[in-house]
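>>> any chance you could fold what I've pasted below:
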Amino acid sequence: MITFRQLLTKARSEEGMTLVEVVVAMLVFAIISVGVAYSTVTVARITEDTGSRQVATNLATTEIDYIRGLQDPFLVTNLPRPKTVKVGTVTYYISRSVEWVDANGVDVGCGTGTGVMQSKRLNVTVTWDGMLSSTQPVRSDTLLSPDERINDPDLGTIRISVLGVAGTGSAGVGVTITPTSGGSALQEQPAVTNSDGCSFALKVVPGTYSVKISRAGSIDSNQLTSPSKSVVVTKGGSVAALFQYDYSATFLLQYASNNTSGTPALLPTNLDTTYLSTYAPYVDSSGAKTQVALHPFSSGYAGIAGKYIAPIAGNAGCVNVDPASWPESTVGTTVMAAGVRSPNVAALPQGSTNMPIPMGLMTVKFSGSAYLFAVSTAGPAGSGDPGCAAAPTYAFGQVLKNGTINIALPYGSWVLYSATNAAGTGKIPVPAANLGLIGSVLAILGGGTTVTLDPRIAK
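This next block holds a predicted model:
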């Protein structure tokens, strides 16, 4: 006789798996499957990366062999950008860095170090698409030695380094070296700079030399198209001549850019223009022009009408031409905000951009033709004019106008004169009644015949 407990046990065994048990079983299977799949993919990726690394190693070795085949270390330069090689479906990137080293193993770049060049260190690095994050690039190093001695214990070396605004080498720059004291004329001038911006003069007789560089359409940080440096060569020594030199940028000048009168304003024929940068002020005194070529500083320039001279001990300079030099102050009953300079504008090498140059604007009334002059003077008391100790004089030439003309001047205080000749002999002040202002509170009349052209705005 089957007991009741046995019947219950038999019934339970025939029920099968519950839904929960099925879900748990599927979850366990999924976890195991994902792990197996991930392991399979990882193994495949590692295998693929290992194969790519082997190809990269061969490419690095090939590059080293190619460089050694050149035989001349002076022909070996840094690659300005990695060169690419495609093997199968994978793209490889080969970069090359080189540096001269001296007898003590210290790096001697064409613009760094003081030692004499002995050999050149070469490093080749290869990367590729799809590298694992844990994979290191393939690197190969070697030393290259010249076939013949490049140094002489009784002679010296001049290393020329020419860098552009990006800090990379300027290639194709011509180099001319001439003795200025002692020394001797070079039998052969150095080659143009390579892709690293380097050139070398070897076995130079000790003495003082002028190193001059040039390249069409280029300009240095001092706005010189053919800059030079003086270097002293010693026996068994090495000296560097460093330049920052690049293709120029073109700035299209917009004088009196704040003139909204609809009538063009006459500019002085001998107008100075200052270009302010983070490097140093550069003053062009060749008169107004439509455009100017400048060194392409990435921070750009602010164009200022007039000759800006920074103040130094014992010299107040000439600062009122710069709107940013005008402080906040009260003129009469009007509170004037501090002056603001036009924002810097920048252009890439061989590029161009517009440069606004705001100026003080006014009208002058004549009863007949005359030569017009403007002489800088101290601002009236309370004008807030920061001053210009240089006191420049600007000429407008013979103003062939029987009536009123518009003129533009650098900011500051001025006395206008008329004369019957270009030399200004016997010039007389233009009466205050014949002077007027263009704009609004941007310019104010001072006492007597003095006119203060103020760049500030009322608060």
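>>> tell me if I'm right that Leu267 and Tyr255 touch.
Yes: with contact defined as C-beta atoms under 8 Å, Leu267 reaches Tyr255; the gap is 5.8 Å. Bear in mind the C-beta positions are built from the backbone N, C-alpha and C, glycine included.
>>> pull the distance from the helix or strand encompassing Val126 to the chain's centre.
Secondary structure assignment for Val126, by DSSP states H and E: strand 119-128. Offset of strand 119-128 from its chain centre (C-alpha atoms, centre = their mean, to the nearest Å): 28 Å.
>>> next secondary structure element downstream of it?
Note on strand 119-128: by DSSP H and E, the next helix or strand toward the C-terminus is strand 138-144.
>>> could you name the helices and strands sitting against that following strand?
Judged by 3 or more C-beta pairs under 8 Å, 6 or more residues apart in numbering; DSSP states H and E, the packing partners of strand 138-144 are helix 19-70, strand 119-128.
>>> pLDDT wise, what is the spatially closest residue to Leu400 that is not a sequence neighbour at?
Nearest non-adjacent residue to Leu400, counting by C-beta to C-beta, 6 or more residues apart in numbering: Ser369, 4.7 Å away. We have a pLDDT of 84 for Ser369.
>>> what about Ser369, neighbour count?
As a burial measure, Ser369 scores 13 neighbours (other C-beta atoms under 10 Å).
>>> so it versus Lys427, what's the distance?
Going from Ser369 to Lys427 by C-beta to C-beta, to the nearest Å gives 14 Å.
>>> so which of the helices and strands packed on strand 138-144 is the most surrounded?
Most buried of those, by mean neighbour count (mean count of other C-beta atoms under 10 Å): strand 119-128, with a mean of 20.
>>> and the angle from the strand ranked longest in the chain to strand 119-128?
Identified as the longest strand of the chain according to DSSP state E is strand 90-101. Going by axes from the mean of the first three to the mean of the last three C-alpha atoms, to 10 degrees, strand 90-101 is angled at 160 degrees with respect to strand 119-128.
>>> neighbouring strands for strand 90-101, and are they parallel or not?
strand 83-87 (antiparallel), strand 107-108 (antiparallel), strand 119-128 (antiparallel) (DSSP bridges).
>>> Thr225: which of those is closest?
Of all these, it is strand 107-108 that lies closest to Thr225, at 29.6 Å by C-beta to C-beta.
>>> mind checking the pLDDT average for the closest one?
Averaged across strand 107-108, the pLDDT comes to 82.
>>> please list the outside residues in contact with that strand.
The contact list for strand 107-108, computed with C-beta atoms under 8 Å, 6 or more residues apart in numbering, reads 99-102, 113-117, 121, 159, 238.
>>> quick one on the thing from earlier: quick check: neighbours shared by Leu267 and Tyr255?
Here Leu267 and Tyr255 share the contacting residues 288, 408, scored by C-beta under 8 Å, 6+ apart.
>>> more crowded one of these two?
Tyr255 (21 against 18).
>>> what pLDDT does the residue nearest to that one when sequence neighbours are not counted get?
Residue nearest to Tyr255 in three dimensions, not counting chain neighbours: Ile357, with 5.0 Å by C-beta to C-beta, 6+ apart. On pLDDT, Ile357 comes in at 97.
>>> for Ile357, phi and psi?
phi -130, psi 90 (degrees, to the nearest 10).
>>> what sits against it?
Ile357 touches 253-257, 273, 303-305, 342, counting by C-beta under 8 Å, 6+ apart.
>>> how near is the nearest residue to Gly300 once chain neighbours are set aside to Ser352?
Among residues not flanking Gly300 along the chain, Ala346 sits closest, at 3.1 Å (C-beta to C-beta, 6+ apart). Ala346 is 11 Å from Ser352, where distance means C-beta to C-beta.
>>> residues near Trp222, how many?
Trp isn't right for residue 222; it's Asn. By other C-beta under 10 Å, neighbour count at Asn222 equals 13.
>>> same check on Thr89?
The tally of other residues near Thr89 (other C-beta under 10 Å) stands at 7.
>>> separation between it and Thr425?
Thr89 sits 85 Å away from Thr425, going by C-beta to C-beta.
>>> with Glu328 instead?
The gap separating Glu328 from Thr425 is 42 Å, by C-beta to C-beta.
>>> neighbour count: those two, which is higher?
Legend: neighbour count by other C-beta under 10 Å for Glu328 and Thr425, higher for Glu328 (12 against 9).
>>> now the nearest residue to that one once chain neighbours are set aside: which helix or strand?
Nearest residue to Glu328, sequence neighbours excluded (C-beta to C-beta, 6+ apart): Ala338, at 4.4 Å. For Ala338, there is no helix or strand it lies in under DSSP H and E.
>>> OK, contacts around Ala338?
So Ala338 contacts 324, 326-328, 456 (C-beta under 8 Å, 6+ apart).
>>> put the buried members of these into a ChimeraX selection.
In ChimeraX, a selection of the buried entries from those looks like this (16 or more other C-beta atoms under 10 Å):
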select :324,326,456
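>>> could the contacts of Ala338 go into JSON lines alongside pLDDT?
Output for those, formatted as JSON lines (pLDDT from 0 to 100):
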{"residue": "Ala324", "pLDDT": "96"}
{"residue": "Trp326", "pLDDT": "95"}
{"residue": "Pro327", "pLDDT": "94"}
{"residue": "Glu328", "pLDDT": "94"}
{"residue": "Arg456", "pLDDT": "92"}
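>>> got the contacts of Ala338 as a markdown table, with distance to Ser383 and secondary structure columns?
As requested, the contacts of Ala338 are exported to a markdown table (distance: C-beta to C-beta, whole Å; DSSP: H, G, I helix; E, B strand; the rest coil):
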| residue | distance to Ser383 | secondary structure |
| --- | --- | --- |
| Ala324 | 17 | helix |
| Trp326 | 10 | coil |
| Pro327 | 12 | coil |
| Glu328 | 13 | coil |
| Arg456 | 11 | coil |
